[in-house]
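In: Coordinates only, no sequence provided:
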């Protein structure tokens, strides 16, 4: 996988912490691998929207990568509930279903961005940088970060 | 089956397989069939209801699925191969649904289910299935599409 400059939190220069939410273990591991190539750390994982809310409260990640279609509670509803409790939550929807109604609904409920599967690492990297804004800085290549 | 309904699935399969298997793909075989689909490897079936109805089967060589699983984790690889096939089916159907939805088709999609039997029956007796074999450097991938638009039902 391509080497990316590590993204660090600008306030303490620590790696960004991610909560990865997807009902597919394979999809979660794939996203986790990408995130780690950006120098990020996995704060938690969840396989449905309900668990995602619990995990968000427990881990307080910098970014949530959230699938849409999941059992128990879908991603858009989970995003809405997370943002209701934490308006500063940064949630990026990651789904194979990317039609306009879905994207608009997710953004209206508080998601910051949308990435369609299959995920291109370079696109996800740019989206994370955009969503973090001045709260993240690029450091040395990810592999050089301890 | 209308081409405007089928084409998004073919385009999506080409794009999703190329991306995930990190290789180019080409359609090696293309045929129509009215019989139940006999799977070659690990097959996931997705059912659609609404303006477009029917089912799609994505069928992957087990070794190809295993390689994909190994590419993301070395833990529980055997348990993850089914997840690989379901996620690929999810991406193919999701990408195609996106195109069809933006073209005005409305329908619901059931999550992919791994097919435990050797054969996947046709959803109705009067739909021909499009059978495709994609050749990739990671091995062959089969897709069986048996769909039709609701307007076609109404015209019958």
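Out: On my side now, so go ahead. All figures in this text were calculated on a predicted structure; none of them were measured in a lab.
In: rest of the way, CA atoms for contacts and neighbours
Out: Will do.
In: for chain B, what spans make up the strands?
Out: B:25-33, B:37-38, B:42-50, B:52-60, B:107-109, B:113-114, B:119-120, B:129-136, B:141-149 (DSSP state E).
In: give the contact list for the residue most central in space within chain B.
Out: Closest residue to the average C-alpha location of chain B: residue B:58 at 3.5 Å, with CA atoms, centre = their mean. By CA atoms under 8 Å, 6 or more residues apart in numbering or on different chains, the contact list for residue B:58 reads B:43, B:44, B:45, B:85, B:89, B:141, B:142, B:143, B:144.
In: Which strand residues bridge it?
Out: Beta-bridge pairing for residue B:58 (DSSP bridges): residue B:44, residue B:143.
In: follow-up on the earlier one: which one of the strands of chain B lies nearest to residue A:92?
Out: For the strands of chain B, the distance to residue A:92 is smallest for strand B:107-109, at 22.6 Å, taking CA to CA.
In: when you scan that closest one, is anything in it near chain A?
Out: No: judged by CA under 8 Å from any CA of the partner chain, strand B:107-109 makes no contact with chain A; its nearest approach is 10.1 Å.
In: re earlier: check the gap between the residue nearest to the centre of chain B and chain A for me.
Out: Using CA to the nearest CA, to the nearest Å, residue B:58 is found at 16 Å from chain A.
In: hang on, the earlier thing: pipe the strands of chain B into CSV and attach mean pLDDT per row.
Out: CSV is the format used below for the strands of chain B (pLDDT from 0 to 100):
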stretch, mean pLDDT
strand B:25-33, 87
strand B:37-38, 88
strand B:42-50, 94
strand B:52-60, 93
strand B:107-109, 88
strand B:113-114, 94
strand B:119-120, 78
strand B:129-136, 92
strand B:141-149, 91
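In: Buried ones in stretch A:106-118, by neighbour count?
Out: A:106, A:107, A:109, A:110, A:111, A:112, A:113, A:114, A:115, A:116, A:117, A:118 (16 or more other CA atoms under 10 Å in any protein chain shown).
In: of the residues you listed, list those near chain B.
Out: When contact is defined as CA under 8 Å from any CA, those meet chain B at A:117, A:118.
In: Just the ones in strands from the buried residues of stretch A:106-118, please.
Out: Mapping the buried residues of stretch A:106-118 onto strands (DSSP E) picks out A:113, A:114, A:115, A:116.
In: quick check, nearest of the residues you listed to chain B?
Out: residue A:116 (8.3 Å; CA to the nearest CA).
In: Show the model's pLDDT score for that closest one.
Out: On pLDDT, residue A:116 comes in at 96.
In: Residue B:36 versus that one, what's the distance?
Out: To residue B:36, residue A:116 is 33 Å away according to CA to CA, to the nearest Å.
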